[in-house]
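Student: Got a sequence here, can you model it:
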Amino acid sequence: MTTPCVYNAGEIGEVQVQVNQLLTKAGVTTQYGIHFDMAPAYYLNGNPSATALVTRQFEQALADLTITDPYLGKEVPLSVGLADRASMKLLHMVSGDPLRTPTVVSWNEPNAWVQTGGGDAVTINPRVAWLHGGIQPEIANTWLGLVGPGVNKGGIDDTTWTDHTDVRPTILALVGLKDDYLHDGRVIVEQLKPSALPEEIEEKPGAYQRLATAYKQLNAPFGELSLASIKYSTALIQSDGAVVYNSYLDTMADFTARRDALAGKIKKVLEGAAFEDAEIPPGTAVSLLGQAHGLIAEMKGLAAAAD
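Tutor: Numbering: from 1, shown residues only. Prediction:
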């Protein structure tokens with residue numbers, strides 16, 4: 001379902017999409033709520049199950065929507081990625097309140113902001129431009145500034161992979177404090193002076209760094225495993241037939257359980273070294289690294305096979 005967009009020369013802004021109009025043109029009559037965004041969350045009325053016909057039809061209709069992007073000058077899919085609840089659980093997008101979990105989340109092509117309303121189905125809104133979250137690197141990549149005692153003066157580092165969960169444990173390690181719970185992040189040892197590192201990490205910085213790096217790619221929402229899982233879920237959500245989709249749900253549940261168990265083990269080792277003066281046993285580190293790389297490769301294989 002394609003809708004053209006007309007805009008003035010030199011006009012800059014988000015491509016604003018009235019998705020209700022596109023879905024109606026596609027024959028969708030299902031009622032739903034929506035969180036407006038470039039990664040909109042859809043809540044189908046009545047909270048149907050993942051396997052319900054109404055859910056499957058809505059997701060497939062959503063996946064088929066296209067727009068003419070005026071910046072690209074061509075027709076493109078509105079959605080570049082889909083996550084159902086099985087996918088969201090792996091991506092750490094499911095909270096303790098089941099009523100807050102969407103039916104499906106769609107990551108849009110990077111110029112498009114989705115909402116519901118009247119007027120033209122696709123327009124440029126010059127009041128805002130690329131201010132919202134998506135999965136594209138140019139949008140998802142952000143920066144962190146570190147300065148102070150114990151921090152290296154190394155300038156810009158665009159190779160160390162971190163995310164927001166790493167900030168708190170890094171600060172606590174610098175000031176010699178600790179929490180009474182396990183962190184989801186790790187200490188950013190790459191940016192700290194050896195003298196500022198906890199003793200066990202100072203003695204074996206390479207072991208900690210290798211394990212921490214693998215842990216982030218295994219468990220972080222923007223890590224290699226998670227990004228591969230979005231490709232896998234997007235392909236299977238669009239698949240026809242209950243047998244294929246049910247098999248996917250079983251695979252995702254099993255995979256998520258195995259990933260969570262392994263991530264929990266690695267997290268305890270990293271936390272122990274950073275805040276409990278616990279050794280990183282060489283044999284344990286090698287085993288955990290191998291398992292992490294194995295799971296990442298497994299999900300990449302599933303994504304490649306489904307593509």
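Student: rest of the way, CA atoms for contacts and neighbours
Tutor: Noted.
Student: how many neighbours does the residue lying closest to residue 184 once chain neighbours are set aside have?
Tutor: In space, and not counting its chain neighbours, residue 184 is closest to residue 165: 6.0 Å by CA to CA, 6 or more residues apart in numbering. Look at residue 165: counted by other CA atoms under 10 Å, it has 15 neighbours.
Student: check contacts around the nearest residue to residue 221 once chain neighbours are set aside.
Tutor: Excluding its sequence neighbours, the residue lying closest to residue 221 (CA to CA, 6+ apart) is residue 91, at 5.2 Å. The contact partners of residue 91, by CA atoms under 8 Å, 6 or more residues apart in numbering, come to 220, 221, 226.
Student: what's the closest of these to residue 281?
Tutor: residue 220 (23.7 Å; CA to CA).
Student: Which of the contacts of residue 91 are buried? Put it as a ChimeraX command.
Tutor: Selection of buried members from the contacts of residue 91 for ChimeraX, criterion 16 or more other CA atoms under 10 Å:
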select :220,221,226
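Student: List just the nearest of the contacts of residue 91 to residue 82.
Tutor: Using CA to CA, the contacts of residue 91 come closest to residue 82 at residue 226, 12.3 Å.
Student: what helix or strand does the closest one sit in?
Tutor: Here residue 226, judged by DSSP states H and E, is contained in helix 224-237.
Student: if I look at residue 36, how far off is residue 287?
Tutor: 43 Å (CA to CA, to the nearest Å).
Student: Compare the two and say which is more crowded by neighbours.
Tutor: residue 36 (15 against 10).
Student: Just grab the bridge partners of the residue lying closest to that one once chain neighbours are set aside for me.
Tutor: Among residues not flanking residue 36 along the chain, residue 115 sits closest, at 4.8 Å (CA to CA, 6+ apart). Taking DSSP bridges as the rule, residue 115 bridges to residue 18.
Student: And what about residue 81, helix, strand or coil?
Tutor: Three-state assignment for residue 81 (DSSP: H, G, I helix; E, B strand; the rest coil): strand.
Student: What is the neighbour count of it?
Tutor: 23.
Student: try residue 34
Tutor: If you count neighbours by other CA under 10 Å, residue 34 ends up with 18.
Student: how much space between it and residue 115?
Tutor: With CA to CA as the criterion, residue 34 and residue 115 are 8 Å apart.
Student: cool, residue 306 as well?
Tutor: 30 Å.
Student: Which of the two has more residues huddled nearby?
Tutor: residue 115 (19 against 14).
Student: What does the pLDDT read for the more buried one?
Tutor: Confidence at residue 115, expressed as pLDDT, is 96.
Student: Can you pull the domain assignment for this protein?
Tutor: 14-140, 164-306 (automatic domain parsing).
Student: Could I get those domains in CSV, plus columns for distance to residue 149?
Tutor: Shown next, in CSV, are the domains of the chain (distance: least, CA to CA, whole Å):
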stretch, distance to residue 149
domain 14-140, 29
domain 164-306, 8
